[in-house]
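In: Sequence below, structure please.
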Amino acid sequence: MSWRNVPPRKLITATLSVCAFLFLIHFVTQGPRTPTQIQHKFASRGLAQPERQNTVKREFLHAWTGYQDHAWMADGLLPLSGGKKHQFCGWSATLVDALDSLIILGLDEEFDEALNATLTIDFAESVENCDVNLFESTIRYLGGLMAAYDLSNDARILPKLIELGDMLHSAFDTPNGMPCTMCKLATKGAVVESSENAALADIGSLYLEFARLSQVTGDDKYMRTVDRLSDVFARSQNDSSIPGLWPENLGPRLVDGPQGYDFARKSSRYGLGAMSDSAYEYLVKAHLLVGETRSVYRTMWDLASRQIKRYLLFRALIPGANETDALFPGIASRSLGSAQTLLETRTEHLACFAGGMFAMASRIFNNPDDFEVGEQITNGCVWAYQNSPSGIMPETLTLLPCSVNDGLQCDWDDSYWGVQSNRPENCMNGYCQSSRYPPGFLQVKDPSYKLRPEAIESVFVMWRMTGDEYWREVGWEMFQSIIEHTRSPFGHAALLSTMEVYQRDTYERGLMVRKVLARQTDDMESFWFAETLKYFYLLFSDPSLISLDEWVLNTEAHPFRLTRGIRGF
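Out: Next up, the predicted model:
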């Protein structure tokens, strides 16, 4: 089945735009550097830290060998049992997600083997005729193939990239042009309807991959499709209960409804964590990829960033920091028509990406104040790492808010903390968390660690933008804690709780030893290879490797090449 032969229900004739693009392809020189300098101006090269790089590489190879030996071509490895899992239609998610990491780490033989296997994947076939997750398939598979193509220039990848891109593009073949986020796209003749409900991130994080696909193929149909999607976001940005922000849940079928853009009124919750995160990230990165040819992204970011700072960020009463050191993203709620906004001071590991997002936006949009915001968000996540029993931030934690402007206590005080943390409203399930967890952790609803990359992502961005060695030292501490607790017989395992450690047996250099460690669970997501270990490796590499002035990383840390002149159509 070829998705290129499936006529979309609503196809706008674009002959002139295609001709214009081909003209640009032929006559405009593609320079590798974006006009905006994001990275710090490092004095010299040779700033890599080889010993730390090699340590990261050894851990990568430990997990990769486990995948090769026990789960090859499966979506994922079960790192405790040595089993395998099929998570995303059985299209070898870990294999595709790791392609560019293999190149970046200089693992040429492993890359050749992985690429040859990838080229055998038939995206027309799926495990048990599964529903295709548009968001995950776009950022992991399409993003992974795109980065491998941009980094290797291997012509064999392009047909596979187009094959997958056309299949995923068919998710937009709906009556109103809005995508179906979970559909049987691999089923011939399947009827596709836009989703009734969709997470903000699921439809707000598709632009980079499809826009870059248009850039490398010369076919502007992908970019036109996501341009229309972006237009919907722009028109609806002020229709939500907090104008300027989009809620966690949207209604794609309501775009053409009698009330206009009601699709931004499906929910009254707003955040930067699960459900929302990368939709805001892509406002910044889409502008970086296509430049001023699409001014809509800067316009949306200007409004969204003001509202994020006003409604979603808070300061917390934490030891070891004053009120200007750290910011944390929370979750806001406001009913439509209400003037009252409620802020839940629960922050998520997923939201730690916002530190790097604000820092990069400060350079891209020339707003120095946003750099301080990004630095403070990163500081908050680093604090959560450094103060947990395992040295790893939990999936979610609740903090005691403080604000000088509101007259609340902000300087750390043991007595004040003792009183506030034991108030009934600050206890969970009858237990006051202050008696179980270190000072500053009010509640920990989800103490797990899923091998997530968001905190080290922001630490990496801070290092590349400042050149301050402090960030490398912080990142090294994080890496050591993560490896200490997650290393398993076949790879690295997610943790049940970062907030409790126990004595358990583990292998160290071939010997069984007893150590105080967190409990593991039999799961290792593909983003462990694609993001977490990649960011650690890049942190200790020379800053010329995947320079932020020459590449833009998608939300799965897949680098797309920035090109001058063909950034937009």
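In: Run through the helices of the stretch 1-150 of the chain in chain order.
Out: Along the stretch 1-150 of the chain, the segments classed as helices by DSSP state H, counting those that start in this stretch run 15-27, 50-70, 93-97, 99-104, 108-118, 134-136, 143-152.
In: Just say which of those helices is most tucked in.
Out: The highest average neighbour count among the helices of the stretch 1-150 of the chain, using mean count of other CB atoms under 10 Å, belongs to helix 93-97 at a mean of 28. No exception for glycine: its C-beta is placed from N, CA and C like everyone else's.
In: Now mean pLDDT and distance to Thr174 too, for the helices of the stretch 1-150 of the chain, in JSON lines please.
Out: Output for the helices of the stretch 1-150 of the chain, formatted as JSON lines (pLDDT from 0 to 100; distance: least, CB to CB, whole Å):
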{"stretch": "helix 15-27", "mean pLDDT": "37", "distance to Thr174": "22"}
{"stretch": "helix 50-70", "mean pLDDT": "99", "distance to Thr174": "36"}
{"stretch": "helix 93-97", "mean pLDDT": "99", "distance to Thr174": "25"}
{"stretch": "helix 99-104", "mean pLDDT": "99", "distance to Thr174": "31"}
{"stretch": "helix 108-118", "mean pLDDT": "99", "distance to Thr174": "29"}
{"stretch": "helix 134-136", "mean pLDDT": "97", "distance to Thr174": "12"}
{"stretch": "helix 143-152", "mean pLDDT": "99", "distance to Thr174": "23"}
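In: closest one to Gln420 among the ones you listed?
Out: For those, proximity to Gln420 was assessed by CB to CB; helix 134-136 is nearest, at 38.9 Å.
In: Would you mind pulling the contact partners of that closest one?
Out: 88, 168, 171, 179-183, 199, 201-203, 205-206 (CB atoms under 8 Å, 6 or more residues apart in numbering).
In: how about 6 Å then?
Out: Taking contacts as CB atoms under 6 Å, 6 or more residues apart in numbering, the residues outside helix 134-136 that touch it are Phe88, Ala171, Pro179, Thr181, Asp202.
In: neighbour-wise, which of the residues you listed leads?
Out: Of the contacts of helix 134-136, Pro179 is surrounded by the most neighbours, 27 neighbours in total, counting by other CB atoms under 10 Å.
In: what's near enough to touch that one?
Out: Pro179 sits next to Leu134, Ala171, Phe172, Ile203 when contact means CB under 6 Å, 6+ apart.
In: Quickly find the element holding the residue of the chain positioned farthest from its centre.
Out: Most distant from the centre of the chain: Ser415, at 38.7 Å, with distances by CA atoms, centre = their mean. Using DSSP states H and E, Ser415 maps to helix 414-421.
In: Using CSV, list the CA coordinates for that helix.
Out: Extracted C-alpha coordinates of helix 414-421, given in CSV (Å, rounded to 0.1, in the frame of the first residue of the first chain):
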residue,chain,number,x,y,z
ASP,A,414,12.6,24.7,60.1
SER,A,415,9.9,25.7,62.5
TYR,A,416,7.7,27.3,59.8
TRP,A,417,8.2,24.3,57.6
GLY,A,418,7.2,22.0,60.5
VAL,A,419,3.9,23.8,61.0
GLN,A,420,3.0,24.2,57.4
SER,A,421,3.9,20.7,56.2
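In: So which bits of that helix are buried?
Out: Within helix 414-421, the residues scored as buried using 16 or more other CB atoms under 10 Å are Trp417, Gln420, Ser421.
In: which one of those residues sits closest to Glu125?
Out: Comparing those against Glu125 with CB to CB places Ser421 closest, at 54.1 Å.
In: How many residues are close by the spatially closest residue to Arg156 that is not a sequence neighbour?
Out: In space, Arg156 comes closest to Leu119 once its chain neighbours are excluded; the distance is 6.0 Å by CB to CB, 6 or more residues apart in numbering. Residue neighbour count, defined by other CB under 10 Å, stands at 12 for Leu119.
In: Pop out the phi and psi values for Leu119.
Out: The phi and psi values for Leu119, taken as degrees, to the nearest 10, are phi -70, psi -10.
In: Return the distance of it relative to Leu77.
Out: In this structure, Leu119 lies at 21 Å from Leu77, with CB to CB, to the nearest Å as the measure.
In: next one: Asp262
Out: Counting by CB to CB, the gap from Asp262 to Leu77 is 43 Å.
In: Settle it for me: which of these two has more neighbours?
Out: When neighbours are counted by other CB under 10 Å, Leu77 comes out ahead of the other of Asp262 and Leu77, with 32 against 17.
In: buried ones in stretch 343-360?
Out: Buried residues in stretch 343-360, defined by neighbour count with 16+ other CB under 10 Å: 343, 345-360.
In: I figured Ile157 hits Leu151, correct?
Out: No - with contact taken as CB atoms under 6 Å, Ile157 and Leu151 are classed as non-touching, separated by 9.9 Å.
In: still on that earlier bit, export the contacts of Pro179 to CSV and tack on distance to Ala304?
Out: Formatted as CSV, these follow (distance: CB to CB, whole Å):
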residue, distance to Ala304
Leu134, 22
Ala171, 25
Phe172, 24
Ile203, 16
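In: Which ones among those residues map onto helices?
Out: Counted as lying in helices by DSSP state H, out of these, are Leu134, Ile203.
In: closest to Leu496 among the contacts of Pro179?
Out: The shortest separation between Leu496 and any of the contacts of Pro179 is 30.3 Å, and it belongs to Leu134 (by CB to CB).
In: Please tell me how far the closest one sits from Asn249.
Out: Counting by CB to CB, the separation of Leu134 from Asn249 is 16 Å.
In: cool, and Gly380?
Out: Counting by CB to CB, the gap between Gly380 and Asn249 amounts to 26 Å.
In: Quick check on these two: which one has the bigger neighbour count.
Out: Neighbour comparison, Gly380 and Asn249: the larger count goes to Gly380, with 29 against 19 (by other CB under 10 Å).
In: In space, what's closest to that one - neighbours in sequence excluded?
Out: In space, not counting the residues next to it along the chain, Gly380 is nearest to Ala326; the distance is 3.9 Å by CB to CB, 6+ apart.
In: returning to that earlier point: could I get the helices of the stretch 1-150 of the chain in a markdown table, plus columns for distance to Ala557?
Out: Supplementary listing: the helices of the stretch 1-150 of the chain in a markdown table, determined by distance: least, CB to CB, whole Å:
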| stretch | distance to Ala557 |
| --- | --- |
| helix 15-27 | 28 |
| helix 50-70 | 13 |
| helix 93-97 | 9 |
| helix 99-104 | 8 |
| helix 108-118 | 16 |
| helix 134-136 | 14 |
| helix 143-152 | 9 |
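In: which one of those helices lies closest to Val501?
Out: Proximity of these to Val501 was assessed by CB to CB; the nearest stretch is helix 50-70, lying at 20.2 Å.
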